[in-house]
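> need a 3D model of the sequence below.
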Amino acid sequence: MGSTPDQIPLIVVVGETASGKTATAIEIAKQVDGEIICADSRTVYKGMNIGTAKPTLAEQKEVPHYLLDLIWPNEQFSAAEFKTRAEKCIQDIQSRGKIPIVVGGTGLYVDALLYDFQFGSKAEETLRSKLEQMNDYELTTVMNTKSIDQTNLNTKNRRHVIRAIERGGIVTQNKTLRGDTIVLGIQLERVILK
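Model prediction:
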């Protein structure tokens, strides 16, 4: 290919479940000498092959796939861990002159790469346990007491609210798309998806 790693683009394929992301990514990989990085919060688990739309062994033989079957279902895996591992895969693939293709499933995983999220420190378990025991009203009271800006916070998602409290309202998301990135979105009509 002759390109240096910083000139090799990152291709990202996103779309709804059963929209054909995997097949599309495999076809692209074959045409551009690419390798696939799976961005799915369920396919990282060993043994979870049913209901996860994990690429089949035959598909994995056609094109190298990364970040599949990393941990057991009783182990924890975070978006921050995914980002760290995916960045290493991207660098490795590019260093060999190939094109990395991220295929996603999990929006947070994909966004962490696309917008270079900077994840905060790991949650303090005692505080998290206390917050998880609170009802929605109590969590809202804590946010108001701590003057946490709720403008861009999904207050209907308890995990987001709890993490915002843990971080003291500090937002760690970048709004700028990484350079040299091509994002392909697959959207099908509902009738076809069903």
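> surely residue 106 touches residue 39?
Yes - at 5.9 Å, residue 106 and residue 39 qualify as touching, with contact defined as C-beta atoms under 8 Å. C-beta here means a position set from N, CA and C on the backbone, and glycine is covered the same way.
> neighbour count: these two, which is higher?
residue 39 (29 against 18; other C-beta atoms under 10 Å).
> show me the beta-bridge partners of the more buried one.
Partner residues in beta bridges with residue 39, using DSSP bridges, are residue 104.
> where's it relative to residue 103, distance?
Relative to residue 103, residue 39 is positioned 6 Å away (C-beta to C-beta, to the nearest Å).
> give the buried residues for stretch 13-22.
Across stretch 13-22, burial judged by 16 or more other C-beta atoms under 10 Å covers 13, 14, 15, 19, 21, 22.
> what's the longest helix in this protein?
Criterion DSSP state H: the longest helix present in the chain is helix 79-95.
> which among the buried residues of stretch 13-22 gets closest to residue 190?
Among the buried residues of stretch 13-22, residue 19 lies closest to residue 190 (C-beta to C-beta), at 11.2 Å.
> on that earlier part again, who's in contact with the longest helix of the chain?
5-6, 8, 10, 34-35, 37, 39, 41, 44, 66-67, 70, 99-100, 102, 106, 108-109, 112-113, 117, 119 (C-beta atoms under 8 Å, 6 or more residues apart in numbering).
> can you flag the buried ones in the residues you listed?
Burial by neighbour count, 16+ other C-beta under 10 Å: within the contacts of helix 79-95 this picks out 8, 10, 34-35, 37, 39, 41, 44, 66-67, 70, 99-100, 102, 106, 109, 112-113, 117.
> now intersect those with the strands, please.
10, 34, 35, 37, 39, 66, 99, 100, 102 (DSSP state E).
> in JSON lines: those, plus distance to residue 54 and pLDDT.
Putting those into JSON lines (distance: C-beta to C-beta, whole Å; pLDDT from 0 to 100) gives the following:
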{"residue": "10", "distance to residue 54": "22", "pLDDT": "96"}
{"residue": "34", "distance to residue 54": "19", "pLDDT": "97"}
{"residue": "35", "distance to residue 54": "17", "pLDDT": "98"}
{"residue": "37", "distance to residue 54": "14", "pLDDT": "97"}
{"residue": "39", "distance to residue 54": "13", "pLDDT": "95"}
{"residue": "66", "distance to residue 54": "13", "pLDDT": "97"}
{"residue": "99", "distance to residue 54": "22", "pLDDT": "97"}
{"residue": "100", "distance to residue 54": "19", "pLDDT": "98"}
{"residue": "102", "distance to residue 54": "16", "pLDDT": "97"}
